[in-house]
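In: have a look; sequence and predicted model below, questions after that.
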Amino acid sequence: EPEVTQTPSHQVTQMGQEVILRCVPISNHLYFYWYRQILGQKVEFLVSFYNNEISEKSEIFDDQFSVERPDGSNFTLKIRSTKLEDSAMYFCASNRGNTEAFFGQGTRLTVV
Amino acid sequence: KNQVEQSPQSLIILEGKNCTLQCNYTVSPFSNLRWYKQDTGRGPVSLTIMTFSENTKSNGRYTATLDADTKQSSLHITASQLSDSASYICVVSAWGSQGNLIFGKGTKLSVKP
């Protein structure tokens, strides 16, 4: 069964460092998303990506964040200068349109 | 403001029993409502998705209902199993917003033997 895969599963980084979280969406999907979940809180939307450009983003997705689809399979989230409050579980998701979204298993980012 | 509220916050039931989880939303314009199951430390897994015109949908032992007039949904779990222990999240999508899903805080269900 096709699935969304994310790497790494856990990333520890020092405050101020750049991190790149990687995702491989399901191959025939067209829409890609990043969400985050701070420990004990609800999942929050960050950004949606379609046709090689951002289609929507939330207030959380400020200039420190960027997304890229560098090739035909990967979808990345970059945080330029991490802050302590960026510590969270980051989920990548994909779908073919206004249908159910398939989520990856997440990357736990810990900023120290 | 678009919001999704769920109740109860947590629930403990005995294996084999049924339970019903509630969701109220104020998302407009409404597109669809989804229920996800999330195991601790894992990504959400879709259970059901319902549009405006659907008022019930089943997926095995899971049955979701939707009342678009009152903006309420429920998820009924029949004959619970230990593996049903997880958080159940109600998620609403606004029309015209592809990925900006509005998540509830979830109901943490514990099924005890």
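Out: Right, received. Where do you want to start? Numbers count the residues shown, from 1 in each chain, chains lettered A, B, ... in the order given.

In: the helix or strand A:Ser66 falls within near chain B anywhere?
Out: Taking DSSP states H and E as the criterion, the element that holds A:Ser66 is strand A:65-68. No. For a cut-off given as CB under 8 Å from any CB of the partner chain, strand A:65-68 has no contacts with chain B; the smallest distance is 11.7 Å. Where you see a C-beta, it was placed from the backbone N, CA and C, and this is true even at glycine.

In: for that strand, the averaged confidence score.
Out: Strand A:65-68 shows an average pLDDT of 96 in the prediction.

In: what lines up beside that strand in the sheet?
Out: Using DSSP bridges, the neighbouring strands of strand A:65-68 in the sheet come out as strand A:75-79 (antiparallel).

In: kindly export the strand it pairs with (C-alpha atoms) in PDB.
Out: What follows is strand A:75-79, C-alpha atoms only, in PDB (Å, rounded to 0.1, in the frame of the first residue of the first chain):
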ATOM      1  CA  PHE A  75       9.100  17.500  -0.800                       C
ATOM      2  CA  THR A  76      11.100  19.400   1.800                       C
ATOM      3  CA  LEU A  77      10.500  21.800   4.700                       C
ATOM      4  CA  LYS A  78      13.400  24.100   5.600                       C
ATOM      5  CA  ILE A  79      13.600  26.100   8.800                       C
END
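
In: other residues contacting that strand?
Out: Outside strand A:75-79, the residues that touch it by CB atoms under 8 Å, 6 or more residues apart in numbering or on different chains are A:18-25, A:32, A:34, A:46-47, A:49, A:64-70, A:86, A:90, A:92, A:94, A:109.

In: where does the prediction get shaky in the chain?
Out: Looking at chain A here, since you left the chain open. A:98 (pLDDT under 70).

In: the intended chain is chain B.
Out: Answering for chain B: no residues sit below the bar, that is pLDDT under 70.

In: ok, and for stretch A:93-105, which residues are buried?
Out: Within stretch A:93-105, the residues that qualify as buried by neighbour count (16 or more other CB atoms under 10 Å in any protein chain shown) are A:Ala93, A:Ser94, A:Asn95, A:Asn98, A:Glu100, A:Ala101, A:Phe102, A:Phe103, A:Gly104, A:Gln105.

In: give me the contacts around the strand holding A:Ser66.
Out: When contacts are defined by CB under 8 Å, 6+ apart, strand A:65-68 is touched by residues A:Phe32, A:Trp34, A:Leu46, A:Val47, A:Phe49, A:Ile54, A:Phe75, A:Thr76, A:Leu77, A:Lys78, A:Ile79, A:Arg80.

In: alright, I will stop here.
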